[in-house]
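**Q** below is the sequence, then the predicted model.
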Amino acid sequence: MSGLRFTRSNFPVFASEKLQLQMEDDLQRSRKLNPTLSRYVIAHLRPRPKFLDDIPTNIEEFVRFLRKVLSDHLVDLVRNGLKQFDRLIDDEKDLLGNQFIKEYTYVEWITLMLDSLDVAFAYASAPESKPRLLGGSNVVTGTGIEIIQVELTGPNLKAAWLENETIAGIRSSQPPRDFNPLTPNAFPVYHGSALPLSSPALVNPFIETGPTIGFCNDKNQIVPRKAIYTSYWMLRCIAWAAFKSHVCDFSMFPSTLNTFDVGWHYRGTRYKGVMIWEYNLSCPPPAGLTQEAIPQELVQGWHDYCGQSRSLCQSSEGLNDVWAAGQQRHGSSLETWPDLLHAPESRTTRNASLRPIIGPGCLEIPATRTAFATAAGEAHLRSTITNRRYAVSFTLAEAKKEEAIVEGKQSLRKKISEDFKDKASRLHKRMSNLSLRSSKK
């Protein structure tokens, strides 16, 4: 972050004016910030807001509490991303967003936002002649990998999913609604994510090997520490990858905020959208691995328990302690955390929150996720990855598309650009006055 400045007219003033002036002062003294941007900001919040370690209740609360820590400019970008996501899935009531926002605590969401801004600032500090690379490096280690481009088009994500012929076979191969993941089966599972396009050297390895616990920042309602998650339901993976990117990925700012629109390259071929990995996770798992499933009637209590236990399990030993102490919550006879932990969505989630991606043609899909939080579980998951990947883009039908462009891009970006310039100018003037008073002393 050497030489970084936060008053560029085309980037948001992202925190309070007082905090950013302090950062400018630190930069002028030491010429760099030793921690990452997110660690610096969170460490210098005085007093530390009590809500930072809480899980948001809903979108409305989430946006309101963000304004206590971040600037209105950055929160407006977050709110715009949420509105754009709602348009894509035709969800004006934030039903799905209210569920997805509970996957992380406030401090975890804020960390993701500021880490992505760190990348954007790095590009801003680079010479203008330096191109922004979209795609991987020239080093390709994977063999036989097939990426299938899935181009979804429709009035909303669910309708586009149901009408697409490319993935008709995927829809028909998903397990039935009453499926029990502990029974012998050979159904595939999926994981979805936006690619780290702002870090080109990471793209190809990520595409080829898939997510790892070390690379993921995914804590979750199922496991109170970093883990890899899969679902038998590809559409959920697509929706989650898009939601997460719309909320907290500003690494490509001021480029498009729609993850589905971003193009990238692999082995000389251009693709577009979010990445989906496929795994042949058959059951039972190999000898020596353990698995368990949280019963439907206990899942909501388990979610609450995991949310309260995040600070207790920074290691595998802590994870086992949380499992042992939560025996009444999960009802399992296993003494240590299972290598594969299956959990259904809560009934409330299925009946309400997931409605934008559940409906005619989707009702029989099991909303079950599997978490891999142990080293043995991760190794097993990675051993089952197939050579097939999916790049999924989504385009709204024309009427919705024009509405999204007008409301989501033109008006907001014009406002943001004007606000940024005005804020930057006032901040620069105040800094100049401070410097002048200091020199007179």
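**A** Okay, I see it.

**Q** can you give me the strands for this structure?
**A** 146-154, 189-193, 228-231, 263-266, 269-272, 274-279, 291-293, 340-344, 368-372, 385-396 (DSSP state E).

**Q** how about those strands, which one is nearest Ser332?
**A** strand 291-293 (4.7 Å; Cβ to Cβ). (C-beta placed from N, C-alpha, C; glycine too.)

**Q** from the contact counts, what lies against that closest one?
**A** Here strand 291-293 touches strand 340-344, going by 3 or more Cβ pairs under 8 Å, 6 or more residues apart in numbering; DSSP states H and E.

**Q** direction included, what does the strand it packs on pair against?
**A** The strands that strand 340-344 pairs with in its sheet are strand 291-293 (parallel), strand 368-372 (antiparallel) (by DSSP bridges).

**Q** pLDDT of it, averaged?
**A** Strand 340-344 carries an average pLDDT of 93.

**Q** how about stretch 88-96?
**A** With pLDDT averaged residue by residue, stretch 88-96 scores 82.

**Q** next, the distance between the ends of it.
**A** End-to-end distance for stretch 88-96: 12 Å, by Cα to Cα, to the nearest Å.

**Q** for the stretch 251-400 of the chain, which residues score under the pLDDT cut-off?
**A** Along the stretch 251-400 of the chain, segments meeting pLDDT under 70 span 252-257, 311-316, 346-356, 358-366, 398-400.

**Q** which stretches in it count as helices?
**A** Shown for the stretch 251-400 of the chain, the helices assigned by DSSP state H, counting those that start in this stretch span residues 299-308, 316-325, 327-330, 347-348, 375-383, 398-404.

**Q** for Pro188, find the nearest of the ones you listed.
**A** Distance to Pro188, taken as Cβ to Cβ, is lowest for helix 375-383 among these, at 12.2 Å.

**Q** could you dump that closest one to CSV, C-alpha only?
**A** The C-alpha trace of helix 375-383 is given here as CSV (Å, rounded to 0.1, in the frame of the first residue of the first chain):
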residue,chain,number,x,y,z
ALA,A,375,-8.0,-31.4,6.7
ALA,A,376,-9.2,-34.9,5.9
GLY,A,377,-12.5,-33.7,4.7
GLU,A,378,-11.0,-31.1,2.4
ALA,A,379,-8.6,-33.7,1.0
HIS,A,380,-11.5,-36.0,0.3
LEU,A,381,-13.5,-33.3,-1.4
ARG,A,382,-10.6,-32.2,-3.6
SER,A,383,-10.0,-35.8,-4.6
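
**Q** dump the residue contacts of His246.
**A** Each residue near His246 by Cβ atoms under 8 Å, 6 or more residues apart in numbering is listed here: 81-82, 84-85, 257-259.

**Q** can you do 7 Å?
**A** Taking Cβ atoms under 7 Å, 6 or more residues apart in numbering as the contact definition, His246 lies against 81-82, 84-85, 257, 259.

**Q** nearest residue to it other than its sequence neighbours?
**A** Distances taken as Cβ to Cβ, 6 or more residues apart in numbering place Gly81 nearest to His246, at 3.8 Å, with adjacent residues excluded.

**Q** ok, that neighbour - how many residues close by?
**A** Gly81 is flanked by 22 other residues according to other Cβ atoms under 10 Å.

**Q** ok, it to Ala242 distance?
**A** Between Gly81 and Ala242 the distance is 10 Å, computed by Cβ to Cβ, to the nearest Å.

**Q** and what of Cys306?
**A** Computed with Cβ to Cβ, the distance linking Cys306 and Ala242 is 24 Å.

**Q** same check on Asn387?
**A** On the measure of Cβ to Cβ, Asn387 and Ala242 end up 24 Å apart.

**Q** ok, how many other residues are close to the closest residue to Trp323 other than its chain neighbours?
**A** Spatial nearest neighbour of Trp323, excluding adjacent residues (Cβ to Cβ, 6+ apart): Trp337 at 4.4 Å. If you count neighbours by other Cβ under 10 Å, Trp337 ends up with 28.

**Q** okay, Asn387 and Ala242: which has more neighbours?
**A** Neighbours per residue, other Cβ under 10 Å: of Asn387 and Ala242, the larger number sits with Ala242, 26 against 12.

**Q** quick check, that one in contact with Asn258.
**A** No - between Ala242 and Asn258 there is no contact under Cβ atoms under 7 Å: 8.3 Å.

**Q** Thr153: neighbour count?
**A** Around Thr153 there are 15 residues (other Cβ under 10 Å).

**Q** quick one: Ser38 from Ile55, how far?
**A** Applying Cβ to Cβ to Ser38 and Ile55 gives a distance of 18 Å.

**Q** and what of Cys306?
**A** To Ile55, Cys306 is 10 Å away according to Cβ to Cβ.
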